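Participant: Take this sequence and fold it.
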Amino acid sequence: QVQLVESGGGTVQAGGSLRLSCTASGRTTSTYAMGWFRQAPGKEREFVAAVAWNVRITYYADSVKGRFTISRNNAKNTVYLQMNSLKPEDTALYYCALASETRQIRIGTPSNWGRGAQVTVSS
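Facilitator: Below is the predicted model of the structure:
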């Protein structure tokens with residue numbers, strides 16, 4: 001079984017920055033993709049970003065391109081989401097996700113989910 005634990009959420013003013021981290025533990029496969037989703041109150045969960053095992057391949061939702069950066073440290077089984085120029089509409093519960101390939105994350109069907117980290121952006 002795989003466990004994903006997020007950290008780094010919090011409250012920030014519009015225009016500020018936050019960095020989320022997510023560490024995987026347990027029975028992970030030798031290579032896997034990781035990513036982030038978010039869910040705002042009253043809205044469906046949506047894809048934010050994904051990164052392949054080789055680190056060089058990344059994907060982003062249009063709404064966060066140019067502001068968010070996903071990265072990972074395979075030696076630490078950890079994925080990061082650096083969020084800059086935050087907007088009030090970025091307020092949501094952010095979920096970490098793990099899958100065999102980035103495609104599974106991009107279509108919303110990862111094999112494992114974290115419990116979420118709250119990000120609140122005040123105007």
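Participant: switch to C-alpha atoms for all contacts and neighbour counts from now on
Facilitator: Fine.
Participant: Would you map the strands across this structure?
Facilitator: 2-7, 10-13, 18-26, 33-39, 46-51, 58-60, 68-73, 78-83, 92-99, 112-113, 117-122 (DSSP state E).
Participant: Let's have these in TSV, adding mean pLDDT.
Facilitator: Below are these laid out as TSV (pLDDT from 0 to 100):
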stretch	mean pLDDT
strand 2-7	95
strand 10-13	98
strand 18-26	96
strand 33-39	98
strand 46-51	98
strand 58-60	98
strand 68-73	97
strand 78-83	98
strand 92-99	97
strand 112-113	96
strand 117-122	98
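Participant: Which strand residues bridge G26?
Facilitator: V2 (DSSP bridges).
Participant: Next, the contact list for it, please.
Facilitator: Counting by CA atoms under 8 Å, 6 or more residues apart in numbering, G26 makes contact with Q1, V2, Q3.
Participant: What of M83?
Facilitator: By CA under 8 Å, 6+ apart, the neighbours of M83 are S17, L18, R19, L20, R67, F68, T69.
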